[in-house]
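Chemist: Based on what follows, work out the 3D shape:
(2 chains)
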Amino acid sequence: MAVCIAVIAKENYPLYIRSVPTENELKFHYTVHTSLDVVDEKISAMGKALVDQRELYLGLLYPTEDYKVYGYVTNSKVKFVMVVDSSNTALRDNEIRSMFRKLHNSYTDIMCNPFYNPGDRIQSRAFDTMVNSMMMQVC
Amino acid sequence: MRREESHPVNNEHNLFTSLYPTLSQQLPREPMEWRRSYGRAPKMIHLESNFVQFKEELLPKEGNKALLTFPFLHIYWTECCDTEVYKTAVKDDITKWQNVLKAHSSVDWLIVVVESDAKKKNKTNILPRTSIVDKIRNDFCNKQSDRCVVLSDPLKDSSRSQESWNAFLTKLRTLLLMSFTKNLGKFEDDMRTLREKRTEPGWSFCEYFMVQEELAFVFEMLQQFEDALVQYDELDALFSQYVVNFGAGGKFNMFCSKSWAVLCVLRVNSSKRFCCVLSRKLILSVHLQVSVPPGALDCWVFLSCLEVLQRIEGCCDRAQIDANVSHTVGLWSYATEKLKSLGYLCGLVSEKGPNSEDLNRTVDLLAGLGAERPETANASQSPYKKLKEALSSVEAFEKHYLDLSHATIEMYTNIGRIRSAKLVGKDLAEFYMRKKGPQKAEVYLQGALKTYLAEGWALLVTHTRKQLAECQKQLGQIENYLQTSSLLAGDNHLTEEERKRFCREILDFTNQQAENQGQKVLLPMHSFAQLKTLHFDPPNAVVHVGGKLSIELTLLSQMPIPVQVDQVAIHVHFSIEKNSYRKTAEWLTKHKTSNGVITFPSEIAGLPLSRNNLPALELSEMYERSPSDNSLNTAGIICKNAHMLLRRQESSSSLDVPSGLTLEDGAHVLKCSNLTLEPGDNKITFNIQAKEPGTYTLRQLCTSVGKVQFVLLHIYPIVQYDVYSQEPQLKVEPMTESLLAGIPQKVKFTVTTGHYTMKSGDTLQLSNADAMPILYHPESKAVIYSNTREKISESSLRIQSSEKITSISLPVAPAYHVIEFELEVMYLPSATESAVEKENITNKENHRKNKEKQKQDNCMATVDQKVTIDCPWSIYSTIIALTFCIPFNAKHSLLSAGKRKYVQVCVQNLSELCFQLSDYSLKNSAECTDLQLVPLNPADQQVVFSKQSIFFVWELKWTKELPLSLQCLFSVSFCPATSEEQSFTLKPFTYEFQVENFFTLYHVKTEIFPPLDAEYCKTGSLCSLEVSITRLVELSEVDRDEALTESDGYCTTKLMYEVVDNSSNWAVCGKSSGVISMPVAPRAIHKVHMEVMPLFAGYLPFPDVRLFKYLPHHSAHSMQLDADSWIENDNLSVDKNVDEQADSSSIRSRGSLHSTASGEHKGLPMPRLQPFSPGQVFNSSTGMQILVIPSKDDHVLEVNVT
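Modeler: Residues are numbered from 1 along each chain as shown, chains lettered A, B, ... in the order given. I've put the predicted structure just below:
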């Protein structure tokens, strides 16, 4: 499904970034990093909206030639970025949304771990498994 | 909402023309609810129509899918009001119109009959107006009466006309919408049918595209953007699928795709949404795996982008474009990217220019573009021309590419998309690198690197650094290149091979530099190696002058291969802090750091700088108590360094690479040469021979590899070691809390050698004091410790005592060591004790003072004993004072029994120890032979326990005349009760005192008699008290004082008596005191009577009777008789009291003699009273009791509950 999934801290450094191993990892890093521009833009546009009405899902950030980049931001300004192959027409907004929700739940679980220091890189088998399951369906 | 409507109107064009303005204006005014099929939510839309005159050829043919020009409603207008006219012309006309409509199966029509009063007036033979309408309804509106409406006086401004307008408009809207919905539904159905056929051969995507595109467009026209987007999305999806299905089959021709894009472009309006849709579509549409020549697709995308952009520029004003930059900038960057890839493809970016193969490819591509479209062919600038030009030559390409890139970067920067701008910049840098323009590339690379570093994107940092390294290499920035190389060599995001390559780059450089003497290159250490821990030995990092200190560094080498290091140096800052206690040897040797290991925080590579630089939270507990009752108000945690944490992050400064790498020049450098740093942890040991005393701070760490030096500018946390020098010292301390006098106790001698080395023959010479002999045990040992309290050796102590000097030979010990040994000392209290006691026995006032003193501090008296010691290291003697406590306190008292006298000595043990007392004796120091002290004490030995007292009594016996005073010396031997063997003789504890005037002069006897008629005393009834004072001895030296009067060889002395009952048992009636004249002769008796009343029942102790010497004032000497009479008066008064009834006012239970005296002798000089010495008056009734029975008629019953 997804080809790259990234969790980015409030300060915009990657907490977790993982892409399908067949592709060039570096390219995805660049893509995700660049997408932060749009994320920032959307967040600042959203800032005016009431907090409780805020939509966490940011929608399609921008399309590239081969990929669509979707964004999601938690209330603590942790960003999730997902890169999806453009040719994958099975993935509609709703699917992306539910994937993000899954990602968010998993991230919340990590944050609940008393041994996890917020702001550290995510090293969790459970999270890996979840992310893998999201990327597995590609093949 | 808007709805464009093709709307044929039949004949009477003039009529319509007059109505049209109102119609077109009024129609869209009211919104209509648009109900949708397929359960889509209803929407409110505004209908707007376009009216067209009816022509048959305008009617859509079967299969025509043009929705935009579709006639939704046909209206026939007539203002016919004449039946004749209707019959002849209008009816036929309508019939013909209807037939045409039927032929085209159009069922949406409406007939409007316009009525006007003006016309009615003109025509006289007016038929009732209903008739025409009725006729039309009859003829045409078969069961569809609503298909015919009346519009009355539409051009007049009357309420009637307004009403009819409203009705008409409502009807028109309803019908229009009905038709629209129906037709749209049909259109959508057709479209779906068409879509279902997509797998059939011959199906044209273009054709389908046109259909759905039109639908989308209609929605857009209706301002239903969501619906429009849905259509586009569907189209996207279908298109993608279509392309995928057809795979690389060449069925899709490029022209079609292009025309489609152009089609889109044509419809560009300023709608932001649409721009968005468009750019998306454009980009999406290109992911085709079409078998076109490589680059063709790029060409096409490039052209499309530029065309779209040109269009947008063409139809929007500047402000709008600026507002929408965020939507169009994507297209710009896309175009740039495509141009770049074209350039690479056609060999326009290489240094040498395109080769023949590249040229062929270019020619193919340009040919593939076909001819320029005619509409732009004549324009001086067009995307087509631009592309052609760009591909024509290297220079032109460069120009166009740079233009585009710069424009894109600028746009990105303007809208704040810095990251995107940096990415484009990086592409540009790549381009420059290819064009051998590293100096231009460097700026972009540095910019990008800064951003990635700031945000902690490790992989991007690595990649950019790699490019930068190449760039710097080309630029010949040796230092920067080496630094970047070292960073890369230690970067674990790179492969082992790459890391080794960069590492070798550095090593190669160092080797090559070593040959030709070049400038040293300083690089920051952190990329090369990290300082992990530092270990001091000795662990407290304190060493004496000349001592040895070792520092062990753990250095984590980041390099992938072992590196031969010429030298590792620590630059040390030296400072002398004198006059600071913290720098003294005692403090330094006592305080300890945590096992001597300092751990340095490891730098977490990859985290953004801002995060790394944050200091750790410093939290502490906080309690706030209320000021009034000290109860806890608030408890919390406060962050002590909040100001550090909440400080605004300075975005610019934190990113700066430390530029000024300078090595401190200092004399103190610790070095370690010729090492090999293996990848991973390396331990490096520095051995230091301490020289100058002071504090050494490790400041910088420098690793030299050839001419390259890796420098750690600041070693943090601060690491210090201290070197001290120390004067030799002698300390003498008691082993116990306090030293007790009289018993042997251990005293510890501590010799701190400091810089002095103990040689054999060095002795401590103690000057002997008589009061404090030093006891020597041959088995006593001296122990030598190092300054860090490690036991080194033990040796026996040799002590030689001469009469005046005790010399202790010290064992041989090196400098900065400690020699400890113990000696027993004993303080003999006697000598000074007498001195202390001398004070005690001065005069009586002092005596009282002393008593107070003793009460105040019931602690032991102390004596300081000074010892003078000569030490080998100094020509001056050391004087040491030892404080000894005297464990005993003695008190004496004189006891009498009639004439017999006893001396009691109380010895109180103040110490914590038990003592055994023996050989107690009391001696009369004045040599009176006729005086005997007979001891009445039980055994030879007695044990006095801690904090307890023991009493000794002696009877005083004499044969001749008694001396006025008696000087006594009490002495008792003591030894600790626990120690059994007494190898030494202890000096006894002595106590010297004096007793004076101890003969009994008077004997006082008190008697209480019950009333005459009663057997016992009763409460509340008066009893008589008789005090008889008997003189026991003749006139003696003791009596020689003022009170004595002699007349006729007959001596009398004046005494004052006082009856006091301090326990409130008795009420003394009448005078309780008086002055009597006592004849100075043995057996002379004076009796005093008075009345007392017992206040309680039971055995009551007798009231006290006190006797004083009454010394009249000098001036009052002549008034002797008066005094006598006064005494008689006193007697009388007492007698009177017996006779008369007891006056309540005169009953005094506790009379104060002084107040009585002052009250009765006002203004007279006061006589003086002098107490007798203890023992001079013997009261035989002391302690006697008398039984008092309660009176039966007690009014008050007193109940005591205890």
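Chemist: Which other helices and strands does the host helix or strand of residue B:866 contact?
Modeler: Residue B:866 is part of strand B:862-870, with elements assigned from DSSP states H and E. Applying 3 or more Cβ pairs under 8 Å, 6 or more residues apart in numbering or on different chains; DSSP states H and E, one finds that strand B:862-870 makes contact with strand B:729-734, strand B:763-767, strand B:877-885. (Glycine included, C-beta is placed from N, CA and C.)
Chemist: right, so of these, which gets closest to chain A?
Modeler: Distance to chain A, taken as Cβ to the nearest Cβ, is lowest for strand B:729-734 among the helices and strands packed on strand B:862-870, at 51.7 Å.
Chemist: ok, and for the closest one, which residues are buried?
Modeler: Going by neighbour count (16 or more other Cβ atoms under 10 Å in any protein chain shown), the buried part of strand B:729-734 is B:729-730, B:732, B:734.
Chemist: does any bit of the helix or strand in which residue B:422 is found sit next to chain A?
Modeler: Following DSSP H and E, one finds residue B:422 within helix B:418-434. Yes. Part of helix B:418-434 sits near chain A under the criterion Cβ under 8 Å from any Cβ of the partner chain, namely B:418-420, B:423.
Chemist: With neighbour count as new columns, can those be given to me in TSV?
Modeler: Conversion of the residues of helix B:418-434 next to chain A to TSV gives the following (neighbours: other Cβ atoms under 10 Å in any protein chain shown):
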residue	neighbour count
B:418	18
B:419	25
B:420	25
B:423	23
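Chemist: could you dump those to TSV with distance to residue B:217?
Modeler: Shown next, in TSV, are the residues of helix B:418-434 next to chain A (distance: Cβ to Cβ, whole Å):
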residue	distance to residue B:217
B:418	37
B:419	36
B:420	32
B:423	35
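Chemist: which among these gets closest to residue B:1033?
Modeler: residue B:418 (123.0 Å; Cβ to Cβ).
Chemist: Just give the number of residues close to the residue lying closest to that closest one once chain neighbours are set aside.
Modeler: The shortest distance from residue B:418 to any non-neighbouring residue, by Cβ to Cβ, 6 or more residues apart in numbering or on different chains, is to residue B:451 (6.5 Å). By the criterion of other Cβ atoms under 10 Å in any protein chain shown, residue B:451 has 22 neighbours.
Chemist: just to revisit the earlier point, for the strand holding residue B:866, buried residues please.
Modeler: Of all the residues in strand B:862-870, those buried under the rule 16+ other Cβ under 10 Å are B:863, B:865, B:867, B:869-870.
Chemist: again with stretch B:531-540
Modeler: Within stretch B:531-540, the residues that qualify as buried are B:531-532, B:534-536, B:538, B:540, counting by 16+ other Cβ under 10 Å.
Chemist: before we move on, what about stretch B:775-782?
Modeler: B:775, B:780, B:782.
Chemist: residues in contact with residue B:756?
Modeler: By Cβ atoms under 8 Å, 6 or more residues apart in numbering or on different chains, the contact set of residue B:756 is B:728, B:815, B:872-873.
Chemist: residues of the helix ranked longest in chain A that come out buried?
Modeler: Taking DSSP state H as the criterion, chain A has its longest helix at helix A:25-46. Of the residues in helix A:25-46, A:28-43 count as buried by neighbour count, 16+ other Cβ under 10 Å.
Chemist: which neighbours does the strand holding residue B:866 have in its sheet, and in what orientation?
Modeler: Within its sheet, strand B:862-870 is paired with strand B:763-767 (antiparallel), strand B:877-885 (antiparallel), according to DSSP bridges.
Chemist: Can you tell me how far the residue in chain B positioned nearest to chain A is from residue A:119?
Modeler: Closest residue of chain B to chain A, Cβ to the nearest Cβ: residue B:456 (3.2 Å). Noted for residue B:456: a distance of 11 Å to residue A:119, by Cβ to Cβ, to the nearest Å.
Chemist: For the one helix or strand residue B:506 maps to, name the packing helices and strands.
Modeler: Secondary structure assigned from DSSP H and E places residue B:506 in helix B:496-515. Contacts defined by 3+ Cβ pairs under 8 Å, 6+ apart place helix B:496-515 against helix B:478-489, strand B:694-705, strand B:708-712.
Chemist: burial count for residue 20?
Modeler: The chain I'm using is chain A. Residue crowding around residue A:20 was assessed by other Cβ under 10 Å; the count is 18.
Chemist: Sorry, I should have been clearer: chain B.
Modeler: Close neighbours of residue B:20, defined as other Cβ under 10 Å, add up to 13.
Chemist: Does it touch residue B:49 like I think?
Modeler: No. The criterion here is Cβ atoms under 8 Å, and residue B:20 misses it with residue B:49 at 10.4 Å.
Chemist: and the end-to-end length of stretch B:932-939?
Modeler: End-to-end distance of stretch B:932-939 (Cα to Cα, to the nearest Å): 20 Å.
Chemist: quick revisit: reformat the helices and strands packed on helix B:496-515 as CSV; add mean neighbour count.
Modeler: CSV is the format used below for those (neighbours: other Cβ under 10 Å):
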stretch, mean neighbour count
helix B:478-489, 22
strand B:694-705, 21
strand B:708-712, 23
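Chemist: Now render these as CSV, adding mean pLDDT and distance to residue A:83.
Modeler: Below are those laid out as CSV (pLDDT from 0 to 100; distance: least, Cβ to Cβ, whole Å):
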stretch, mean pLDDT, distance to residue A:83
helix B:478-489, 86, 27
strand B:694-705, 85, 43
strand B:708-712, 85, 40
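Chemist: Distance to chain A added to these, as JSON lines?
Modeler: Output for the helices and strands packed on helix B:496-515, formatted as JSON lines (distance: least, Cβ to the nearest Cβ, whole Å):
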{"stretch": "helix B:478-489", "distance to chain A": "15"}
{"stretch": "strand B:694-705", "distance to chain A": "28"}
{"stretch": "strand B:708-712", "distance to chain A": "25"}
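Chemist: Out of these, flag the one nearest residue B:1007.
Modeler: Taking Cβ to Cβ, strand B:694-705 is the member of the helices and strands packed on helix B:496-515 nearest to residue B:1007, at 90.8 Å.
Chemist: Only alpha carbons, please: show the closest one as PDB.
Modeler: C-alpha atoms of strand B:694-705 as PDB (Å, rounded to 0.1, in the frame of the first residue of the first chain):
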ATOM      1  CA  GLY B 694      47.600  24.200  42.200                       C
ATOM      2  CA  THR B 695      44.600  23.200  40.100                       C
ATOM      3  CA  TYR B 696      45.000  21.800  36.700                       C
ATOM      4  CA  THR B 697      42.000  22.000  34.400                       C
ATOM      5  CA  LEU B 698      41.900  19.900  31.300                       C
ATOM      6  CA  ARG B 699      40.800  22.200  28.600                       C
ATOM      7  CA  GLN B 700      41.500  20.800  25.100                       C
ATOM      8  CA  LEU B 701      42.200  17.500  23.600                       C
ATOM      9  CA  CYS B 702      44.200  17.400  20.500                       C
ATOM     10  CA  THR B 703      44.900  14.400  18.400                       C
ATOM     11  CA  SER B 704      47.600  14.800  15.800                       C
ATOM     12  CA  VAL B 705      47.700  12.700  12.700                       C
END
